[in-house]
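K.L.:
sequence and computational prediction follow.
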Amino acid sequence: MSRSQSGRADDARRAWIILGLAGGRTLAAVSRSQSCSVNTVKLWRDRFLEGRLSGLFGRHPGKAVAVGTERLEARIIDWTLHRKPADGATHWSSRKLAAQLGISHMRVARVWAKAGLQPSRRRHYMASDDPAFESKAADIIGLYLKPPAHAAVFCVDEKSAIQALDRLDPVLPLSPGRAERHGFEYFRHGTLSLYAALEVSSGQVLGKTTQRHTSAEFVAFLADVVATQPEDKPIHVIADNLSAHKTKAVVEFLAVHTNVQLHYTPTYSSWLNQVEIWFSKIQRDLITRGIFTSKVDLARKIARYIKVHNQSAKPFKWTYRNTDRRIR
């Protein structure tokens, strides 16, 4: 009990009192070491002698709930959910609501914590307006969970406008108690677009950097993807609804390569494309904190990252739980 780091502080103090007395220390010495009175030491000594370990637990029944507490808590929750501050603010703070209701701001904070309310937080969402959402989503999820036999499945997309940023001030390295620090000023050498194709079965990535992201570049990248597979092998490509993915050039490419089939994600549903997970990974690992002296340097570092990634690539474990919350 005395060594517990997750228990109550008063339980640990009582344990130290008993251990001190068991070690032969006097009542006064134990009271000084635990910053309490001698009467407190005597109290817990006697209770321990009477009930052993069970005697060390507090017997205070707790403060009685004040009359009207439930009504006040309901009022706090009602104001939080259904009313706005008079000053035009979009949400309440604990102090604003406390001043409005004439109570302590800590009372408001405790009620919010009990009810799980956090007015200061917000999250964004994007609802798909695609009338064929269910059929398109089921098609793509089926490619992940049970892909066609003897076929290759690729998730393809482009990450556009990757900036080749060069910091003007030196980077201060990570040190104990201090995060890595970058200077605020930078010089931009230009931007590149990254085309990437994630093979679902292996997790390996085929990448290509370009100056622009046009339909012609997309078709050229599809040709590179097809070239990595045996001739006439069925290839399923998952892509989003970008206009560059639905041009006449793309239709002509699919007409020539009859073994390639494009599966478009529903509108506003890029989360169904697994390559977006890999894009977030390269963003965290390389792009956000990277220093690039030129666009050539940016392209070289991206290629090196992809090469190292493919040496130990693993497929994403696509799980789908509680479908009622995601597809209605």
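P.N.:
Happy to help now that I have it.
K.L.:
make it CA atoms for all contacts and neighbour counts henceforth
P.N.:
Noted.
K.L.:
quick one, domains of the protein?
P.N.:
With automatic domain parsing as the criterion, the domains of the chain are listed as 9-56, 69-115, 133-323.
K.L.:
I'd like the average pLDDT over the longest one.
P.N.:
In other words, domain 133-323. For domain 133-323, mean pLDDT rounds to 92.
K.L.:
pretty sure residue 18 contacts residue 45?
P.N.:
Yes: Residue 18 lies in contact with residue 45 (CA atoms under 8 Å); the separation is 6.5 Å.
K.L.:
how much space separates residue 38 from residue 210?
P.N.:
78 Å (CA to CA, to the nearest Å).
K.L.:
biggest strand in this structure, by residue count?
P.N.:
strand 152-167 (DSSP state E).
K.L.:
other SSEs contacting the next helix or strand after it?
P.N.:
Following strand 152-167 in sequence order, the next helix or strand is strand 186-199 (DSSP states H and E). Applying 3 or more CA pairs under 8 Å, 6 or more residues apart in numbering; DSSP states H and E, we find strand 186-199 packed against strand 152-167, strand 205-210, helix 215-227, helix 275-282, helix 295-311.
K.L.:
quick check, central residue of this structure?
P.N.:
residue 280 (10.8 Å; CA atoms, centre = their mean).
K.L.:
circling back: export the helices and strands packed on strand 186-199 to TSV and tack on distance to residue 139?
P.N.:
Shown next, in TSV, are the helices and strands packed on strand 186-199 (distance: least, CA to CA, whole Å):
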stretch	distance to residue 139
strand 152-167	12
strand 205-210	22
helix 215-227	20
helix 275-282	17
helix 295-311	27
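K.L.:
of those, which approaches residue 12 most closely?
P.N.:
helix 275-282 (44.4 Å; CA to CA).
K.L.:
what distance do you get for the residue nearest to the centre of the chain to residue 89?
P.N.:
On the measure of CA to CA, residue 280 and residue 89 end up 34 Å apart.
K.L.:
buried residues, the longest strand of the chain. List them.
P.N.:
Buried positions in strand 152-167, judged by neighbour count with 16 or more other CA atoms under 10 Å: 152-158, 160, 162-167.
K.L.:
distance between the ends of stretch 242-262?
P.N.:
13 Å.
K.L.:
ok, stretch 120-129 next?
P.N.:
End-to-end for stretch 120-129, by CA to CA: 29 Å.
K.L.:
what does it rub up against?
P.N.:
Stretch 120-129 has contacts (CA atoms under 8 Å, 6 or more residues apart in numbering) with 91-93, 266-269.
K.L.:
cool, and stretch 222-238?
P.N.:
Contacts for stretch 222-238 (CA under 8 Å, 6+ apart): 140, 150-156, 197, 206, 259-265, 273.
K.L.:
how about 7 Å then?
P.N.:
151-156, 259-264, 273 (CA atoms under 7 Å, 6 or more residues apart in numbering).
K.L.:
and which of the residues you listed is nearest to residue 111?
P.N.:
residue 273 (40.7 Å).
K.L.:
check whether the closest one really touches residue 153, as I assumed.
P.N.:
No: taking contacts as CA atoms under 7 Å, residue 273 lies outside contact range of residue 153: 11.5 Å.
K.L.:
any shared contact partners between those two?
P.N.:
Joint contacts of residue 273 and residue 153 (CA under 7 Å, 6+ apart) do not exist.
K.L.:
before we move on, back to that, what's the closest of the helices and strands packed on strand 186-199 to residue 83?
P.N.:
helix 275-282 (38.1 Å).
K.L.:
tell me what angle the closest one forms with strand 152-167.
P.N.:
Angle, helix 275-282 to strand 152-167, by axes from the mean of the first three to the mean of the last three CA atoms, to 10 degrees: 30 degrees.
K.L.:
residues making contact with helix 275-282?
P.N.:
155-157, 197-198.
K.L.:
can I get the residues you listed in JSON lines with distance to residue 303?
P.N.:
As requested, the contacts of helix 275-282 are exported to JSON lines (distance: CA to CA, whole Å):
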{"residue": "155", "distance to residue 303": "18"}
{"residue": "156", "distance to residue 303": "17"}
{"residue": "157", "distance to residue 303": "16"}
{"residue": "197", "distance to residue 303": "13"}
{"residue": "198", "distance to residue 303": "14"}
